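> structural data only, the sequence is not supplied:
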């Protein structure tokens, strides 16, 4: 488990970017699918901010990945 909140945000950011790319979404198209501003997705992927619980649920539906995987890793 990451030691700091910054390391934790960095790992979530990397998993989110990986899932988005694997599913063929650009940052912009993911933002549109989630009803968010593209800068929000960019901030998530840079580890500037972490998605809210509501956003994790929406990401799970759109990208078809488990929110638990985004947060903790393991099986996608």
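Looks like it arrived, so ask away. What you see is a predicted model, and the numbers here were worked out from it, not measured in a lab.
> name the residues of the longest helix anywhere in the chain that come out as buried.
In the chain, assigned by DSSP state H, the helix with the most residues is helix 5-22. Judged by neighbour count (16 or more other C-beta atoms under 10 Å), helix 5-22 contains these buried residues: 8-9, 11-13, 15-17, 19-20. Yep, even glycine has a C-beta here, placed from its N, CA and C like the rest.
> distance of the residue nearest the centre of the chain relative to residue 71?
By C-alpha atoms, centre = their mean, the chain has its centre lying nearest to residue 16, at 3.3 Å. Distance of residue 16 to residue 71, computed by C-beta to C-beta, to the nearest Å: 10 Å.
> let me see the mean pLDDT of the longest helix of the chain.
The average pLDDT for helix 5-22 rounds to 94.
> next one: residue 66 from residue 33, what distance?
Counting by C-beta to C-beta - residue 66 and residue 33 are separated by 18 Å.
> for residue 14, same thing?
Counting by C-beta to C-beta, the gap from residue 14 to residue 33 is 20 Å.
> for residue 59, same thing?
In terms of C-beta to C-beta, residue 59 sits 9 Å off from residue 33.
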